[in-house]
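Chemist: Give the three-dimensional model of this entry:
(2 chains)
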Amino acid sequence: MSVITRFAPSPTGFLHIGGARTALFNWLFARHHGGQMLLRIEDTDRARSTEAAVTAIHEGLHWLGLDWQGEPISQFTGADRHAEVARQLLSEGKAYHCYCTPEELTDMRATAKAEGRSMRYDGRWRDRDPADAPKDQAPVIRLKAPQSGETVIQDLVQGEITVQNSEMDDMVLLRADGTPTYMLAVVVDDHDMSVSHIIRGDDHLTNAVRQRQIYDLMEWEVPHFAHIPLIHGADGGKLSKRHGALGVEAYRDMGILPAALRNYLLRLGWSHGDDEIIDTDQATKWFNLEGIGKSPSRFDIPKLENLNSHYIRAMDEAELCGLLAEQLVLTTGRALSDIELARLPLAIAALKERAQTLVELADKAAFLLDGRPLAMEEKAANLVTGDAPGLLAKAHACLGALADWNHDDIAAAVRGLAEAEDLKLGKLAQPLRAALTGRNASPGIFEVLYFLGRQESLDRIGDHMK
RNA sequence: CACCCCGUAGUCUAAAGGUUAGGAUGUCGGUCUUUCACACCGAAGAUGCUGGGUUCAAGUCCCGCCGGGGUGGCCA
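Modeler: Numbering: from 1, shown residues only, chains lettered A, B, ... in the order given. The predicted structure is shown next:
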């Protein structure tokens, strides 16, 4: 049997970080087994579904590097098919019309709650004579669920889950307006799409038990379930706006690489012994449902950033330069000159060791852009006072005399000057660094001079000589 | 309130019922260096309960308690 998984988000916002992990697991599982992952948009709630959200989900998946087989399926367009199944159950006596009004149901719950009973539908229309049906009230169709015994699902992550049928009420299949509910639609679609493995958040765990009742009454084969634990916020509570970054695009904006986010999300809830750095090829080979833990996890940005720094360093340098250039355009709000662009490949090896995100990379690369006189950070400004201007003048002279502008000659000249002045290298390097970068921290000073080129270096030193 | 699920350092996790409970990240200290970073070395830090039971042996199995989460819609 071929493996078919599906990712089925509701289009009510961006691609949620938890949804992203669910998509990743479905994708990896399908690829591991040479199967396919389908995308189904659960848009049966017309009021809350938007086209913009569908686009955001596509873009989020695309950015994360996850793809799906075939065209995305709109659940809403299958409404007729869903209704057909509801009518079939009705004609077979496995479902029935219920004429309760919303107000009646609200009252029912209120009373039940007041009396300390659970707030379930009491089944008052289950066996009632159809002749009692009010003429002016459109009915819903409810499943005639078993009232005794128990319903069991074998979950590949959670194990065997058993719920007493007395704990469940007769769920609505078709609304009064003839549209299907989620419970009906998922079951029909998963069946019709031949989904073999349903991998989703464990907020659906109890739903799965109810869904099994529909599978059973339709006499359909029940797919394999794998309910994965949810991701919580840093405080252990439900992930919400309070925790900041909820959508994947927020991580893109933070300068996180898709490869790093995939690795982080993979390790959140899934493990393969002590392995931590697992690229996507390796993950595809290793991924299985057995490695998924049952306990919820918390999202931890520092660990994501650590992984991100790893992937930044491991990335092809030309590609990284491209991303750096994009990021610089974003932060400066202007295009880069050819001269500035040419400095990037020179400096990239030194810069990538120092950045955890692309945003940080761009920040550390800022000194490579033209813009004299340089804005001086406070600690840098303090480094070019006192003896510094005189020292910088000497540096300017000996660097200006260099026949060739290369790293070794620059190093020899600067070291030579420090020796001649009887100074430790740091005493000369720090004022130079401040003059050249406007900061007190940067890559090695010889490298900085080399990246900037002779003219720009001498000009910047000149700005602080006097 | 009912039902279902979960509980190993701050965080993510490893440990066929059997070494001194391992790794990662974070934190702190050190080495290196020209600053920062990288790298390397080192340290502190955990089985929710001074719970009950099974066993020669429990993080692991059973029960209780406590804590967290999910579900309980004509939302998905």
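Chemist: Point out where chain A drops to low pLDDT.
Modeler: With pLDDT under 70 as the threshold, chain A has low-confidence stretches at A:1, A:116-117, A:237-245.
Chemist: Report the outermost residue of chain A with respect to its centre.
Modeler: A:Ala420 (55.9 Å; CA atoms, centre = their mean).
Chemist: Let me see the contact set for that residue.
Modeler: For A:Ala420, no residue counts as a contact, taking CB atoms under 8 Å, 6 or more residues apart in numbering as the criterion. (Each C-beta comes from the backbone N, C-alpha and C, glycine too.)
Chemist: Can you give me the distance of it to RNA strand B?
Modeler: Distance check for A:Ala420 against RNA strand B: by CB to the nearest atom of the strand, to the nearest Å, it reads 16 Å.
Chemist: roughly how far apart are that residue and A:Gly462?
Modeler: Relative to A:Gly462, A:Ala420 is positioned 20 Å away (criterion: CB to CB, to the nearest Å).
Chemist: So what touches stretch A:146-162?
Modeler: A:123, A:163-166, A:168, A:197, A:202, A:205, A:208-210, A:212-213, A:216, A:222, A:224-229, A:289, A:292, A:294.
Chemist: Run through those residues and flag the ones next to RNA strand B.
Modeler: Restricting those to those touching RNA strand B (CB under 7 Å from any atom of the strand) yields A:Val163, A:Gln164, A:Asp202, A:Leu205, A:Pro229, A:Lys294.
Chemist: could I get these as a markdown table with neighbour count?
Modeler: Formatted as a markdown table, the entries for those read as follows, by neighbours: other CB atoms under 10 Å:
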| residue | neighbour count |
| --- | --- |
| A:Val163 | 18 |
| A:Gln164 | 10 |
| A:Asp202 | 17 |
| A:Leu205 | 19 |
| A:Pro229 | 20 |
| A:Lys294 | 13 |
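Chemist: Closest one of those to A:Leu320?
Modeler: Lowest distance from A:Leu320 to those (CB to CB) belongs to A:Pro229, with 34.3 Å.
Chemist: pretty sure the closest one is in contact with A:Gly293, am I right?
Modeler: Yes. Between A:Pro229 and A:Gly293 a contact is recorded at 6.8 Å, counting by CB atoms under 8 Å.
Chemist: Give the residues shared as contacts by these two.
Modeler: Taking CB under 8 Å, 6+ apart as the contact rule, the neighbours common to A:Pro229 and A:Gly293 are A:Gly269.
Chemist: Write out the residues of the stretch 101-250 of chain A neighbouring RNA strand B.
Modeler: Taking CB under 7 Å from any atom of the strand as the measure of proximity, the stretch 101-250 of chain A contacts RNA strand B at A:101-102, A:105, A:109, A:116, A:118-121, A:140, A:158-159, A:161-164, A:167, A:169, A:171-172, A:175-177, A:181-183, A:185, A:202-207, A:229-230, A:232, A:234, A:236-238.
Chemist: What are the boundaries of the strands in the stretch 201-350 of chain A?
Modeler: Taking DSSP state E, counting those that start in this stretch as the criterion, the stretch 201-350 of chain A contains strands spanning A:224-228, A:231-232, A:297-298.
Chemist: quick one on the thing from earlier: looking at the ones next to RNA strand B among the contacts of stretch A:146-162, which two lie furthest apart in space?
Modeler: Looking at these by CB to CB, the two members farthest from one another are A:Gln164 and A:Pro229, with 23.9 Å of separation.
Chemist: For the closest residue in space to A:Trp286 that isn't next to it in sequence, give me its contacts.
Modeler: The spatial neighbour of A:Trp286 that comes closest, neighbours along the chain excluded (CB to CB, 6 or more residues apart in numbering), is A:His272 at 5.1 Å. Contact partners of A:His272, counting by CB under 8 Å, 6+ apart, are A:Ile278, A:Trp286, A:Gly291.
Chemist: Now do the phi/psi pair for A:His272.
Modeler: Recorded main-chain torsions at A:His272 are phi -140, psi 80, according to degrees, to the nearest 10.
Chemist: list the buried ones in stretch A:455-466?
Modeler: Applying a neighbour-count criterion of 16 or more other CB atoms under 10 Å, one finds A:Glu456, A:Ser457, A:Leu458, A:Arg460, A:Ile461, A:Asp463, A:His464, A:Met465 buried in stretch A:455-466.
Chemist: Quick check: the last one is in a helix.
Modeler: What that stands for is A:Met465. No. Assessed by DSSP: H, G, I helix; E, B strand; the rest coil, A:Met465 does not belong to a helix; its assignment is coil.
Chemist: Touching, it and A:Gly400? I think so.
Modeler: No. A:Met465 is beyond contact range of A:Gly400, at 11.5 Å (criterion: CB under 8 Å).
Chemist: What is the end-to-end distance of stretch A:72-81?
Modeler: Across its full length, stretch A:72-81 reaches 17 Å between end residues, using CA to CA, to the nearest Å.
Chemist: Quick one: name whatever helix or strand follows the strand or helix carrying A:Pro389.
Modeler: Following DSSP states H and E, the helix or strand that holds A:Pro389 is helix A:388-400. Note on helix A:388-400: by DSSP H and E, the next helix or strand toward the C-terminus is helix A:407-420.
Chemist: show me the contacts for the nearest residue to A:Gln211 once chain neighbours are set aside.
Modeler: Distance criterion CB to CB, 6+ apart; nearest residue to A:Gln211, sequence neighbours excluded, is A:Val187 at 5.1 Å. Each residue near A:Val187 by CB under 8 Å, 6+ apart is listed here: A:Gln211, A:Ile214, A:Tyr215, A:Met218, A:Trp220.
Chemist: I'm done for today, thanks for sticking with me.
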